[in-house]
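> test case, fold it:
(one chain, ligands or ions: 1)
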Amino acid sequence: MRPPFVIAVDGPAASGKGTISTDLGAHYDLPMLDTGLLYRAVGVMLKRQGGDLDDAGAAAKVARDLQAGDLDDEAFRTREAGECASRVAVHPSVRAALLDLQQVFARRPGGSVIDGRDIGTVIAPFAPAKLYVTADAEVRAERRFRQLRGRGEDVTFPDILEDIRRRDARDGGRSDAPMVQAPDAVLLDTSQMTIERATDAARRIVEAARARWEISR
Ligand code: CDP
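All right, here's what the predicted structure looks like:
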């Protein structure tokens with residue numbers, strides 16, 4: 001049986017995943033799930049309760065209690081929220097608690113666009129279209145720096161570059177569902193690309209995958 005048309009978009013922080021996913025969602029009229037937001041919500045909500053990010057049990061409880069309505073919060077977009085997210089994301093019990101919600105979404109018959117770190121490998125290994133979006137750490141830091149500054153955060157470029165490097169190491173080095181390119185994912189390096197070129201390249205990759213998926217049964 002042909003799987004639903006899931007577009008899995010994985011890659012490191014500030015690589016362009018979010019922009020590309022939004023464009024693909026609009027282009028193919030597919031619902032989207034930003035899975036980073038789930039980890040951001042767990043990290044920030046745990047911290048608000050005065051909890052310890054290294055306490056796997058407490059973090060997993062927050063993850064289990066998470067409601068869809070909790071996700072709409074500007075506080076999840078900050079620099080600190082990204083750091084909190086990657087710290088709670090190392091706990092296997094947190095990942096397990098968020099698995100069902102993500103897999104139910106991935107099985108929607110009409111298809112979807114899902115962005116994260118482990119979508120093509122763990123959440124939707126069956127996805128007919130997989131992208132691994134990356135860019136040089138300096139380029140990503142520059143993008144994230146501008147984005148956070150634009151939102152009024154008082155950050156410096158060297159601090160953001162350090163955040164990006166630390167997060168890459170933590171996300172790629174964890175034992176459970178590390179950030180890695182799935183063997184059947186297409187690599188898209190956006191270091192030298194404008195947003196327009198990157199979304200264009202992503203659409204072409206997905207178009208090829210869609211043509212293969214359409215003739216499959
Ligand atoms: O926007 P940015 O790329 O900075 O981060 P994000 O996609 O919102 O993800 C924040 C953090 O959540 C990542 O650094 C990962 O540690 C974690 N995450 C994960 O472990 N698995 C996912 N599928 C998505 C995010």
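> does Asn25 sit in a helix, a strand or a coil?
Quick fix: residue 25 is Gly, not Asn. Secondary structure, DSSP: H, G, I helix; E, B strand; the rest coil: Gly25 is helix.
> run a quick neighbour tally on it.
For Gly25, the neighbour count with other Cβ atoms under 10 Å is 19. Just so you know, the C-beta spots here come from the backbone N, C-alpha and C atoms, and that holds for glycine as well.
> wait, it touches Val113, no?
Yes. Counting by Cβ atoms under 8 Å, Gly25 touches Val113, with 4.5 Å between them.
> overlap of the contact sets of these two?
Common neighbours of Gly25 and Val113, counting by Cβ atoms under 8 Å, 6 or more residues apart in numbering, are Pro31, Met32.
> residues of the helix of greatest length in the chain that come out buried?
Across the chain, the longest stretch assigned as helix under DSSP state H is helix 195-215. Of all the residues in helix 195-215, those buried under the rule 16 or more other Cβ atoms under 10 Å are Ala198, Thr199, Ala201, Ala202, Arg203, Ile205, Val206, Ala209, Arg210, Trp213.
> mind putting those residues into CSV with pLDDT?
Shown next, in CSV, are the buried residues of helix 195-215 (pLDDT from 0 to 100):
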residue, pLDDT
Ala198, 97
Thr199, 98
Ala201, 98
Ala202, 98
Arg203, 98
Ile205, 98
Val206, 98
Ala209, 97
Arg210, 97
Trp213, 96
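> what's the farthest-apart pair in those?
For these, the maximum inter-member distance is 22.3 Å, found between Ala198 and Trp213 (Cβ to Cβ).
> helix, strand or coil: sort out Ala177 for me.
Classified using three-state DSSP, Ala177 is coil.
> which residue ranges form the helices in the protein?
Ranges of helices within the chain are 17-28, 35-48, 56-65, 79-88, 92-106, 137-150, 157-173, 195-215, based on DSSP H.
> circling back to that earlier point, in a markdown table: the buried residues of helix 195-215, plus distance to Phe105.
Putting those into a markdown table (distance: Cβ to Cβ, whole Å) gives the following:
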| residue | distance to Phe105 |
| --- | --- |
| Ala198 | 24 |
| Thr199 | 22 |
| Ala201 | 25 |
| Ala202 | 20 |
| Arg203 | 22 |
| Ile205 | 22 |
| Val206 | 18 |
| Ala209 | 19 |
| Arg210 | 19 |
| Trp213 | 18 |
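> rewinding a little: quick check: which of the helices of the chain is nearest to Ala182?
Smallest distance to Ala182 across the helices of the chain (Cβ to Cβ): 12.7 Å, for helix 195-215.
> okay but Val62 is in contact with Gln49, surely?
Yes. Val62 lies in contact with Gln49 (Cβ under 8 Å); the separation is 7.4 Å.
> which bits of this protein sit near the ligand?
13-14, 18, 35-36, 39-40, 82, 85-86, 89, 116-118, 167, 171 (Cβ under 6 Å from any ligand atom).
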